[in-house]
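Chemist: what follows is a predicted protein model with its sequence.
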Amino acid sequence: MAERPPIRAQGRITETLEAARLFEVEMPNGYRAYAILEKKGPPPPSEDPSGTTVTVDFSPYDMSRCRIVEWV
């Protein structure tokens with residue numbers, strides 16, 4: 001069985017939950033999810049990234065969690 005590819009979307013950071021590690025992201029349709037920044041991922045652009053647009057990858061099996069792949 002082939003693995004399903006991640007679902008890529010853009011959203012806006014609304015809250016920082018753990019410094020430079022865990023963020024709450026709001027999608028354009030109002031849906032909110034938790035986004036994690038991996039150690040090998042792109043570094044945040046500033047100390048407080050609230051309001052920053054990010055590109056995230058959602059797992060096709062759990063849409064409540066995602067990972068940040070790019071700061072826009």
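Modeler: Arrived safely, thanks for sending.

Chemist: so where is the protein shaky, pLDDT-wise?
Modeler: 1-2 (pLDDT under 70).

Chemist: now the strands for this protein?
Modeler: In the chain, the strands defined using DSSP state E lie at 7-18, 22-26, 32-36, 53-58, 65-71.

Chemist: closest one to residue 42 among these?
Modeler: strand 65-71 (5.6 Å; CB to CB). C-betas here are computed from N, CA, C, even on glycine.

Chemist: could you check how far that closest one is from the centre of its chain?
Modeler: 3 Å (CA atoms, centre = their mean, to the nearest Å).

Chemist: still on that earlier bit, got the strands of the chain as CSV, with distance to residue 44 and mean neighbour count columns?
Modeler: Output for these, formatted as CSV (distance: least, CB to CB, whole Å; neighbours: other CB atoms under 10 Å):
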stretch, distance to residue 44, mean neighbour count
strand 7-18, 9, 15
strand 22-26, 9, 18
strand 32-36, 11, 16
strand 53-58, 9, 18
strand 65-71, 7, 17
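
Chemist: show me the one of those that comes nearest residue 46.
Modeler: That would be strand 65-71 among these, by CB to CB, at 9.6 Å.

Chemist: neighbouring strands - and their directions - for that closest one?
Modeler: Each strand that pairs with strand 65-71, with its direction, by DSSP bridges: strand 32-36 (parallel), strand 53-58 (antiparallel).

Chemist: make CSV out of those strands and add distance to residue 4.
Modeler: Below are the strands paired with strand 65-71 laid out as CSV (distance: least, CB to CB, whole Å):
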stretch, distance to residue 4
strand 32-36, 18
strand 53-58, 11
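
Chemist: nearest to residue 8, of the ones you listed?
Modeler: Per CB to CB, nearest to residue 8 of the strands paired with strand 65-71: strand 53-58, 5.6 Å.

Chemist: no further questions, thank you.
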